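> When you get a sec, could you give me coordinates for this:
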Amino acid sequence: MPVKVFPVLHTSAMDVFVFTNAKSHIFIIQQLKGTKEGIALPCQQLYELDCLLKPLLKQGQSISHIYDAHEKEIPCSIKIIYNYIDQGIFTAQNIDLPKK
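The predicted structure is shown next:
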């Protein structure tokens, strides 16, 4: 992602840009915050992932074991799966996990 700089002085001959750390930092934090909020998967993929996880967790398998066995079917990382379980997105809950 290119760093955005904010204009400080505008002349008719050329634009003079100065890197302002505070404004650029706020801009980048807002951009990153927007990418980390919400759910990145469509509802259909969430449902399919939930249907895959719930029975295997009930059998006592861990998330890492499920991820290793079904890596091609899972469209996200292990960390995201744990986050979704913490947020209550899946029907599986923290109590269903063998160890966390």
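> Can you name the helix or strand that residue 26 falls in?
helix 21-36 (DSSP states H and E).
> can you pull the contacts of residue 50?
Residue 50 makes contact with 89, 90, 91, 92, according to C-beta atoms under 8 Å, 6 or more residues apart in numbering. No exception for glycine: its C-beta is placed from N, CA and C like everyone else's.
> Let me see the ranges of the helices in the protein.
For the chain, applying DSSP state H gives helices covering 21-36, 43-58, 63-69, 78-87.
> Quickly list the domain ranges of this structure.
Following automatic domain parsing, the chain resolves into domains at 6-36, 43-96.
> Can you list the low-confidence ranges for the protein?
Along the chain, segments meeting pLDDT under 70 span 1-20, 31-38, 99-100.
> could you redo the last one with a cut-off of 90?
Residues of the chain meeting the criterion pLDDT under 90: 1-46, 60, 73, 76, 80, 83-100.
> before we move on, the earlier item: would CSV of the contacts of residue 50 with neighbour count be doable?
Listed next are the contacts of residue 50 as CSV, based on neighbours: other C-beta atoms under 10 Å:
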residue, neighbour count
89, 16
90, 19
91, 13
92, 21
